[in-house]
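Trainee: model the following, please.
(chains A and B)
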Amino acid sequence: MRKFFEKLVEGGLLISGSVSSLTILLIVVFLFKEAGGLFNTPSTEEGYVLAVHNTNEVAKLSPEQLMDIFDGNITNWKEIGGNDVEILPFRLSDLTNYYSEEELGSEFQYVPQKISELIGKEPGIIAFFPEQYLLQEHFQGKVLPTQNITPSEFFGGTKWYPTATPAPIFGLIPLLLGTLLVSIGAIVLSLPFGLAVAIYMAEIANHRMRDFLKPIIELLAGIPSVVYGFFGLVVIVPLIQKTFDLPVGETAFAGSVVLAIMALPTIITVAEDAMRTTPRAMKEASLALGATQWQTIYKVIIPYSISGITSAVVLGIGRAIGETMAVLMVTGNAAVIPTSFFEPVRTIPATIAAELGEAPAGGAHYEALFLLGVVLFLITLLLSISVEYISSKRKI
Amino acid sequence: METVHKIDTIDRKKRSSQKFAFGFFTFLSYLVVAILFVILGFIIIKGGNVISWDFLTKAPEEGMTKGGIYPAIIGTFYLIVGSSIISFPIGIMSGIYMNEYAANSKLVRFIRIMTNNLSGVPSVVFGLFGMSLFVNALGWGDSIIAGSFTLALMSLPLIIRTTEEALKSIDDSFRHGSLALGATKLQTIRRVVLPMAFPNIITGLILSIGRVSGETAPILFTVAAYFLPQLPGSIFDQCMALPYHLYVISTSGTDIEASRGMAYGTALVLIAIVLVVNLLANALRNYFAKKVKMN
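Mentor: Numbering: from 1, shown residues only, chains lettered A, B, ... in the order given. All right, here's what the predicted structure looks like:
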């Protein structure tokens, strides 16, 4: 009986032990499940069609070209491989410019005919309208075939306009670059501080000082990210705006400063732990040879613990890349490819947090945000694995 | 004479470079301390003017510009309790299994790597995952239970790791002694190992509460509401929460300037929770450390 009970408990413990592995697995499954549909989704809004004049030779339009056309940046079919005809963009709401309300019918029952007629008349037209208004027989235009969003459009795209019509544009590059810029800036700022404090705590400070610093570092790690974000918003952002005389203070630099403070505890703790593992005999041998304490630190302790210090840096980067709220609050959130530190940028996590609430479930935007989550998850997984690899090398 | 003089200058050189380097490190360390005190001081001073009994016990009024944050405090409390009920047992049992039953086996190494990976997963990814699994797939909707599960999974790695560390620090001779007296493995764990590791495990649990109370991204899509007229009635209701409240009123409220005061107050309450949690964890650690020494 007792043996059975012991086995039962052991089984329970084993199940609990596998929960974290199971969670990783579930995260992968569910993120991919939600994101997977993106490349099977038509690039234009669902339920809408694009139609052109019969003589038009352009058969394919990318989302970016569509946006340029409807924004008036491309004005002639010649520019995108068609005939030399002026482009006439047409949306359903423009219909009243061409026909009176009587012509359209009291219940808009003649709308399909009129759209068809208009497309037949205008050689340069590109019409974007709901599928329900597509004339079933004798349609006088050519409906462009729907295309799906392609992986190269997502991973290589340089624009992020998730709510653009007729075709939203989901390009990863500006968000990825924004994330990297902010994170790398943060590490560059916090690394000197982090290493200095780690060295100070591991080798220089006396017991009392260390006992004073440790809880402070823990406290820094414990402050919620939204409080850092708030502090950044009300203190750091205005400060940066004034100091550098910028039109807005919400910049990549502000994000880096806030993230640098947030990454400090990780860097300090991991680097300090690594330095502490230096064997006492090694340190004493160095001191006995006449080296000063400082020489011992940079000639013996730092080289010995370099893999631990590298882990600290990688973990710090990981923390910075995944940080959401603080970055969302201070970086200004402009989804453009950043050209300098003093411009608003938008990071991947901030995009997810800001836009998921407004994206209708199951739509292309929703799926694109989950795909961003997948990208983020893979980046941090890669960083975790490289930390694992670095620290396993140290043991050999 | 010449060489002695040379050694002397080298000696002086290395000493002065040490002095410079150490001075620099000490300075940067003090600077980090200063940064913390600036942040804390700023929020305590600005928020201190706002905090009052009414602020803590009344609902927000007039588009978040007046009133208090009572519903958000209650919501955060529910989320702490909910996630703790889920994560504490699983985390502790997982730690026990890894250290006591299968230490250093291939399986445990795998679990440890997975746990480390899990701790590196960004909180917003947990939010996405929680939304996909608990809110949509299981059909719980935006609810306290969905938020609690999401937060619980997020805090698991911290609890597992501290439990494992706590158990690891107990000398094997205690286990051997107990086993030699005829106790079974389970009895040994329950009567000898766990009581000794208890203080350190508790410290980990308290720190995880601190983390859960301040996380915003995981609750963004799983439970948090901008404003609710009444308190949640069941675990399938939405609730307000402190960190989300701070985020909303400082970035997208109806009148951001007018609700600044409320934001300072909310930030102070959040900081206070973190301070209390950290002080408590430290006090416990010191108290038990002394007790162990005395024994």
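
Trainee: only C-alpha atoms for contact and neighbour calcs from this point on.
Mentor: OK.

Trainee: just the closest residue of chain B to chain A, please.
Mentor: Residue of chain B nearest chain A, by CA to the nearest CA: residue B:94 (3.9 Å).

Trainee: now do the contacts for that residue.
Mentor: By CA atoms under 8 Å, 6 or more residues apart in numbering or on different chains, residue B:94 lies in contact with A:13, A:14, A:15, A:16, A:17, A:18, A:19, B:160.

Trainee: contacting residues for the second one?
Mentor: Residue A:14 makes contact with B:94, B:97, according to CA under 8 Å, 6+ apart.

Trainee: name the helix or strand for it, please.
Mentor: Assigned by DSSP states H and E, residue A:14 belongs to helix A:2-17.

Trainee: and that helix, what's buried?
Mentor: A:10, A:13, A:14, A:15, A:16, A:17 (16 or more other CA atoms under 10 Å in any protein chain shown).

Trainee: give me the mean pLDDT for the longest helix along chain A.
Mentor: Counting residues, the longest helix found in chain A (DSSP state H) is helix A:364-395. The predicted model assigns helix A:364-395 a mean pLDDT of 87.

Trainee: same question for stretch A:149-164.
Mentor: Mean per-residue pLDDT for stretch A:149-164: 85.

Trainee: show me which residues of that stretch are buried.
Mentor: Using 16+ other CA under 10 Å as the test for burial, stretch A:149-164 gives A:149, A:153, A:154, A:157, A:158, A:159, A:160, A:161, A:162, A:164.

Trainee: check stretch A:378-389 too.
Mentor: Those would be A:379, A:380, A:381, A:383, A:384, A:385, A:386, A:387, for stretch A:378-389 by 16+ other CA under 10 Å.

Trainee: check those one by one and keep those near chain B.
Mentor: With the criterion set as CA under 8 Å from any CA of the partner chain, the members of the buried residues of stretch A:378-389 near chain B are A:380, A:381, A:384, A:385.

Trainee: so what's the second one up against?
Mentor: By CA under 8 Å, 6+ apart, residue A:381 lies in contact with B:117, B:120, B:121.

Trainee: give me the number of residues near the first one?
Mentor: Spelled out, that is residue B:117. 23 (other CA atoms under 10 Å in any protein chain shown).

Trainee: how about the second one?
Mentor: Here the neighbour count serves as a burial measure; for residue B:120 (other CA under 10 Å) it reads 22.

Trainee: ok, residue A:91 next?
Mentor: The number of residues packed near residue A:91 is 15, by other CA under 10 Å.

Trainee: tell me which residue lies nearest the centroid of chain B.
Mentor: Nearest to the geometric centre of chain B sits residue B:211, at 2.6 Å (CA atoms, centre = their mean).

Trainee: can you list the residues of the stretch 101-250 of chain B near chain A?
Mentor: Residues of the stretch 101-250 of chain B found near chain A (CA under 8 Å from any CA) are B:101, B:111, B:113-118, B:120-126, B:128-129, B:132-133, B:153, B:156-157, B:186, B:207, B:210-211, B:214-217, B:220-221, B:243, B:246-247, B:250.

Trainee: which among those residues end up buried?
Mentor: Buried members of those, counted by 16+ other CA under 10 Å: B:101, B:111, B:113-118, B:120-126, B:128-129, B:132-133, B:153, B:156-157, B:186, B:207, B:210-211, B:214-217, B:220-221, B:243, B:246-247, B:250.

Trainee: quick one: low-confidence parts of the chain?
Mentor: With no chain named, the answer covers chain A. Low-confidence segments of chain A, defined by pLDDT under 70: A:394-396.

Trainee: actually, chain B is the one I wanted.
Mentor: Along chain B, the parts satisfying pLDDT under 70 run over B:1-5, B:103, B:253-254, B:292-295.

Trainee: and the helices in the stretch 151-300 of chain A?
Mentor: Assigned by DSSP state H, counting those that start in this stretch, the stretch 151-300 of chain A shows helices spanning A:151-156, A:173-199, A:207-222, A:225-231, A:237-243, A:252-276, A:280-288, A:293-296.
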